[in-house]
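> Predicted coordinates and the sequence they were generated for:
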Amino acid sequence: MAKKNTLLKLGIFSALFGGTYFFTDYIYKITSVPHQHTDDDKDFDESITEGRMFVRNHPDRQDMYIDALDQAKLHASFIPAKEESHKYALIIHGIWDNHETNGVYARHYLEKGINCLLPDLRGFGKSEGKYIGYGLDDRLDIIEWIYWIIKRDPEAHILLHGMSMGAATTLMTTGENLPENVKAAIADSAYSTLREQFVDTYKSYKGSIVPTPIAIILARIVILIRSGFDINDVKPIEAVKKSKTPTLFMHGDDDTYIDPQMCSRLYEAATCPKQYCMILGAGHIEGVVRDPLNYWGKVESFLSKTEF
């Protein structure tokens, strides 16, 4: 009988251990392993695809590379304005994509005579990296790109413009001690903290049988072990409390991926010069295509009140 009980306990332990391993491996794969955007992946709007082709085929586009602090090789596309300009838009993409998705923004800024630098975040596009940083490591990479611009042009006036995870990266960057060349920032559809975003996203999954608190603890542990950072440290809402960079907080009120209330909380927490814009009827990062006149009108109004 004792032997049977021991075997039963070992069986239960093995099942629990195996189940936990496979669940955490699954969690890591869906949260932290980058996958490359391909032309078979449909964009949510034709203008995004058109912008993607605009960047890819631009005759003046140049591939640029730098080394991150951890020696990862990072890539960006640089498109200079037609006429010499000291203005630069550093445009930061979101998760599951690459710099080409920001072509719709680059086209607008180039028409305004603004140079555009579009980095691939680590793990995406042509940038090296085996995990998604969600803005924590990425903020340091963006600072390296900022200094790349300044080295090229000491008189540069720099605008940071990020979407989704790129918006969170933008805010995390502004929480650091930045050079005076950085004149303004735009955060379109950022999350307030990564932990909250994980909770919201996990709850939206149908058939999630593991209780949310346990799932988040397991996600935190496996990401800490395999990616080397704590998801609890990804807090754009804390970064904006330290920021001195004038910032425009934007969101679509019909966003079902990142709660629009996070934008309100970020805006309220920020101590920098700030403006707020909610695009009515827009889903996740859809403001620029659902209501471009309002979107760009707000951007222009905001920038006119900065030193950019």
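The structure has been received and is ready for your questions.
> all contacts plus neighbour counts: C-alpha atoms, from now on.
Will do.
> Do a quick rundown of the helices in the stretch 101-250 of the chain.
Using DSSP state H, counting those that start in this stretch, the helices of the stretch 101-250 of the chain run over residues 103-111, 136-152, 165-174, 194-204, 212-227, 236-239.
> need those helices in TSV with distance to residue 26 and mean pLDDT, can you?
Listed next are these as TSV, based on distance: least, Cα to Cα, whole Å; pLDDT from 0 to 100:
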stretch	distance to residue 26	mean pLDDT
helix 103-111	32	98
helix 136-152	22	98
helix 165-174	21	98
helix 194-204	13	94
helix 212-227	10	94
helix 236-239	26	98
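> so which of these comes closest to residue 285?
Relative to residue 285, the nearest member of the helices of the stretch 101-250 of the chain by Cα to Cα is helix 165-174, separated by 10.0 Å.
> from the helices of the stretch 101-250 of the chain, which stretch is densest packed?
helix 165-174 (a mean of 30; mean count of other Cα atoms under 10 Å).
> coming back round to it: in CSV: the helices of the stretch 101-250 of the chain, plus distance to residue 130.
Compiled in CSV, the helices of the stretch 101-250 of the chain are given as follows (distance: least, Cα to Cα, whole Å):
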stretch, distance to residue 130
helix 103-111, 25
helix 136-152, 12
helix 165-174, 17
helix 194-204, 19
helix 212-227, 8
helix 236-239, 23
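> Tell me which of the ones you listed lies nearest to residue 46.
With Cα to Cα as the criterion, residue 46 lies closest to helix 103-111 of the helices of the stretch 101-250 of the chain, at 10.3 Å.
> Report all helices and strands that that closest one contacts.
If contacts are counted by 3 or more Cα pairs under 8 Å, 6 or more residues apart in numbering; DSSP states H and E, helix 103-111 sits against helix 46-56, strand 87-92, strand 115-119.
> what number of residues lie near residue 240?
26 (other Cα atoms under 10 Å).
> from what I can see it touches residue 171, true?
Yes: under the criterion of Cα atoms under 8 Å, residue 240 makes contact with residue 171 at 6.3 Å.
> ok, back up a step: closest to residue 23 out of the helices and strands packed on helix 103-111?
Across the helices and strands packed on helix 103-111, residue 23 has its closest neighbour in strand 87-92 (31.3 Å, Cα to Cα).
> model confidence over the closest one, on average?
Rounded to a whole number, the mean pLDDT of strand 87-92 is 98.
> What are the contacting residues of that strand?
99, 102, 105-106, 109, 113-121, 156-163, 166-167, 169-170, 308 (Cα atoms under 8 Å, 6 or more residues apart in numbering).
> Repeat that for stretch 157-171.
For stretch 157-171, the surrounding residues in contact (Cα under 8 Å, 6+ apart) are 86-95, 134-136, 138-139, 146, 181-192, 236, 239-240, 284-285, 308.
> again, but for stretch 173-185
Applying Cα under 8 Å, 6+ apart, the set of residues contacting stretch 173-185 from outside is 139-140, 142-143, 146, 150, 155-161, 170-171, 238-248, 303, 306-308.
> which stretches of the stretch 201-308 of the chain have low pLDDT?
Applying pLDDT under 70 to the stretch 201-308 of the chain picks out residues 207.
> ok, 90 please
Per-residue confidence for the stretch 201-308 of the chain (pLDDT under 90) gives these ranges: 203-210.
> Run through the strands of it in chain order.
Across the stretch 201-308 of the chain, reading from the start of the chain, the strands by DSSP state E, counting those that start in this stretch fall at 247-252, 274-279.
> The ones you listed into JSON lines, with extra columns for mean neighbour count and distance to residue 43?
JSON lines is the format used below for the strands of the stretch 201-308 of the chain (neighbours: other Cα atoms under 10 Å; distance: least, Cα to Cα, whole Å):
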{"stretch": "strand 247-252", "mean neighbour count": "26", "distance to residue 43": "18"}
{"stretch": "strand 274-279", "mean neighbour count": "19", "distance to residue 43": "20"}
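> quick one: which of the ones you listed is nearest residue 298?
Evaluated with Cα to Cα, the strands of the stretch 201-308 of the chain place strand 274-279 nearest to residue 298, the distance being 7.4 Å.
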